[in-house]
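Novice: with the input below, show me the fold.
(chains A and B)
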Amino acid sequence: MLKREEWLDYGRDLDWDFSYVREEEAFPEVLAGRPWLPRAAWRDWDEPYRTTFSDYVTTQTEKDASVEAVREVVGRPEDYAKLPVEWKNGLKLHAATLPLAEFAAVVGNLRAARFGRTSAWRQTALFGALDELRHTQIPLVLMHELVSLDPQFDWTHKFYHSNNWVAIAARHLVDEMLLGVSAIEFAIATNFVFETGFTNLQFVGLSALAHSVGDKMFEKMVNSIQSDEARHSQIGAPVLATVVKHDRAYAQYLADKWFWRSWQLFAVVTGFAIDYLTPVENRTMSFKELMQEWIVDQYLRMLEEVGLERPWYWPTFEAALGRYHHMVYASAYSYRASVWFDLVVPGPAERAWLREKYPETWDEIDPIWERIGERWRRTDVGNDFGVHGTAIVGFCDLCQLVLCHGTTRRNSACVVEHAGRKLIFCSEPCRWIFEREPERYAGHKDVVKRVLAGEAPPNLVALLRRYFGLTFETWGKDAYRGDYPWIDRTGGVPR
Amino acid sequence: MIPLYGFLEGDTLGLLVLAGEQDTAAELARKLQDAAALRVAPAAHVRVWVRGEPLAPAVTVSGARLQALDRFDVRFDLRSNAQADARREEREP
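Specialist: From the prediction side, this is the model:
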């Protein structure tokens, strides 16, 4: 009987010379990616886990059994009912944005499992595809049971099938990153930047928060997912290292493009969850601290290890760490009926915490909440539309998110003319990405352009119902219906 | 009507404002301040800025050569607001 190390490399990394097709035909550049390199250039590709199919099945079976055991003990509706209201809404945000993005990642991994340039890479990508299938199924199963308690959980499955503005933005990212790119770009965008750079570590932070609020089911779920991500994300670095060796400028471009694109959506989903949708007494660190401690330092180290520079827009990114998600959250709160989860107004304790955590920037944001709190003071409890925006909001022609970059004093959006059309970008990096690959992005319309083209209704309620797919039961409201203990409706201000 | 992207100083996001060709800068500022009033208290003295230059209050949208999907900014005129505050304080000590 051969020992594992004697047969492992033959089992996981066995390539051969083609006799009746050329290598370029078996791995065409459009699917395998560029730079197109002969197999010899990929010969040293390796990743540290070196998993066999047998190991994989054994480990995953144990992990699934462990998730199921926790689900039986603490995954019941009555356990959910005990969670803080803010947290439940952070769950709805994650529940919608996560599972079907993971499903798209199945496709991306399968592309790499066919068009990756070594068989070790292809085999690891196959495990990655199986992982992502699991990451689709687990949240779908867990959240589906909650639909009967709260119809907003229906958006777990519905979100990516809708034309909701957040879904348009998420799809714009996910469709490109997971479905529309070559095996090489997928490995750099998804495995290296998004998974190693962001989600792998984000899950560690989210798990700590879930533990703190007592959401054992969510804690178990993200831990289980994280352990898969930690393995298959290892595909990215050796792919990037090979691309750096042969086309350093392109490697730098891909890393910089995908870091910015990933950061935007990450800031919205995780920034909201950490700084607003976790009760202040349960917060373990701010979103900015999480980014600095777990993501920024580690990502820069990873770039250095493969011989790349930090992105050219780094000062813009660092400035955005203290502002962007705050600006998007305040904007989203003002237009909360346009999303599928409820939002909260930060009260005095939350604002004091945010001021402590964001000493350089919170003074720019705080007056907005002062004003919104004042509006609630003059508005009856439950009258959400009395404290709600009505104007049409602008969206970035690259990331499709609201125009919330820069500062509240000087928004950094810029209007650019492209092929006779006016486009607007929320930030210089979004503009830069568009201008590097206009043929990829120019055909896409943001929500404003859809309204102006007559494809979406201009009236807000019609837009919410007919285009975003929301109903009165599911559209976002103030999670406390404006009934905050710190709002004094009996005091000096007349109704 | 001409759709324009409006950015109000102190606000968190850009909004779409529908303007008439003959709307003045003052009217444009009022429309944007109304649209953002949930988040930013309207100020008495503001200036509309287009392409890095302030507009006189009476200049119209067409006079400023603003076209569909152009950007304009509304910024506080701090000196005028301070003077108005001082006058108000004198009247209502």
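Novice: looking at residue 18 now. What's its pLDDT?
Specialist: Going with chain A. Looking at residue A:18, its pLDDT reads 91.
Novice: other chain: chain B
Specialist: The model's pLDDT for residue B:18 equals 96.
Novice: list the beta-bridge partners for it.
Specialist: Beta-bridge pairing for residue B:18 (DSSP bridges): residue B:3.
Novice: doesn't residue B:5 make contact with it?
Specialist: No. Residue B:18 lies out of contact with residue B:5 (Cβ atoms under 8 Å); the separation is 11.4 Å. From N, CA and C alone the C-beta is placed, and that goes for glycine too.
Novice: which of these two has more residues huddled nearby?
Specialist: residue B:5 (22 against 14; other Cβ atoms under 10 Å in any protein chain shown).
Novice: dump the C-alpha coordinates for the helix or strand harbouring the more buried one into CSV.
Specialist: Secondary structure from DSSP states H and E places residue B:5 in strand B:2-8. Extracted in CSV, the C-alpha atoms of strand B:2-8 (Å, rounded to 0.1, in the frame of the first residue of the first chain):
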residue,chain,number,x,y,z
ILE,B,2,-33.7,68.8,-17.6
PRO,B,3,-32.5,66.1,-15.2
LEU,B,4,-29.4,67.3,-13.3
TYR,B,5,-27.3,65.7,-10.6
GLY,B,6,-27.4,68.0,-7.5
PHE,B,7,-25.0,67.9,-4.5
LEU,B,8,-25.8,69.8,-1.4
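Novice: the strands in chain A, which residues?
Specialist: Along chain A, counting by DSSP state E, strands occupy A:392-393, A:414-418, A:421-425.
Novice: adding distance to residue A:185, write those out as CSV.
Specialist: Converted to CSV, the strands of chain A look like this (distance: least, Cβ to Cβ, whole Å):
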stretch, distance to residue A:185
strand A:392-393, 31
strand A:414-418, 23
strand A:421-425, 22
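Novice: just those strands: most buried one?
Specialist: Counting by mean count of other Cβ atoms under 10 Å in any protein chain shown, strand A:392-393 has the highest mean neighbour count of the strands of chain A, with a mean of 22.
Novice: kindly report the residues of chain B close to chain A.
Specialist: Applying Cβ under 8 Å from any Cβ of the partner chain, one finds that chain B approaches chain A through B:3, B:5, B:7, B:9-17, B:35-36, B:38-41, B:67-71, B:73.
Novice: ok, now with 7 Å
Specialist: Selection of chain B residues close to chain A by Cβ under 7 Å from any Cβ of the partner chain yields B:3, B:5, B:7, B:9-16, B:35, B:38-41, B:68-71.
Novice: from the residues you listed, which land in strands?
Specialist: Using DSSP E, the subset of these located in strands is B:3, B:5, B:7, B:15, B:16, B:71.
Novice: just give the closest residue to the fifth one, not the sequence neighbours.
Specialist: What it means is residue B:16. Once flanking residues are discounted, residue B:16 sits nearest to residue A:392: 4.0 Å by Cβ to Cβ, 6 or more residues apart in numbering or on different chains.
Novice: now do the same contact list for that neighbour.
Specialist: Going by Cβ atoms under 7 Å, 6 or more residues apart in numbering or on different chains, residue A:392 touches A:448, A:451, A:458, B:15, B:16.
Novice: can you pull the contacts of the nearest residue to the fourth one once chain neighbours are set aside?
Specialist: Beyond its immediate neighbours in the sequence, the residue positioned closest to residue B:15 (Cβ to Cβ, 6+ apart) is residue A:391, lying 4.6 Å away. For residue A:391, the contacting residues are B:15, B:16, B:35, taking Cβ under 7 Å, 6+ apart as the criterion.
Novice: now do residue A:393
Specialist: By Cβ under 7 Å, 6+ apart, the contact set of residue A:393 is A:335, A:402, B:13, B:15, B:16.
Novice: could you turn the buried ones of these into a PyMOL selection?
Specialist: A single PyMOL command selects the buried members of these (16 or more other Cβ atoms under 10 Å in any protein chain shown):
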select buried, (chain A and resi 335+402) or (chain B and resi 13+15+16)
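Novice: closest to residue A:50 out of the contacts of residue A:393?
Specialist: Residue A:50 lies nearest to residue A:402 out of those, by Cβ to Cβ, at 44.3 Å.
Novice: identify the bridge partners of that closest one.
Specialist: Applying DSSP bridges, one finds that residue A:402 bridges with residue A:395.
Novice: wait, doesn't it sit right on residue B:13?
Specialist: Yes. Applying Cβ atoms under 7 Å, one finds residue A:402 in contact with residue B:13, separated by 4.9 Å.
Novice: what touches both of those two?
Specialist: Joint contacts of residue A:402 and residue B:13 (Cβ under 7 Å, 6+ apart) are A:331, A:393.
Novice: just the helices in chain B please.
Specialist: Assigned by DSSP state H, the helices in chain B fall at B:25-35, B:78-91.
Novice: likewise for the stretch 251-400 of chain A?
Specialist: Counting by DSSP state H, counting those that start in this stretch, the stretch 251-400 of chain A has helices at residues A:287-290, A:297-305, A:314-321, A:324-334, A:348-357, A:362-377.
Novice: what about residue A:113, neighbour count?
Specialist: For residue A:113, using other Cβ under 10 Å, the count is 20.
Novice: now do the same contact list for it.
Specialist: Residue A:113 makes contact with A:122, A:125, A:126, A:129, according to Cβ under 7 Å, 6+ apart.
Novice: what does stretch A:198-214 rub up against?
Specialist: With Cβ under 7 Å, 6+ apart as the test, stretch A:198-214 has contacts from A:83-84, A:87, A:218-219, A:222-223, A:225-226, A:229-230, A:233, A:262, A:266, A:270, A:274, A:278-279, A:282, A:284, A:290, A:294-295, A:298.
Novice: nearest residue to the middle of chain B?
Specialist: Taking Cα atoms, centre = their mean, the centroid of chain B lies closest to residue B:29, which sits 2.5 Å from it.
Novice: looks like that residue contacts residue B:74 (just checking).
Specialist: Yes. Between residue B:29 and residue B:74 there is a contact under Cβ under 7 Å: 4.7 Å.
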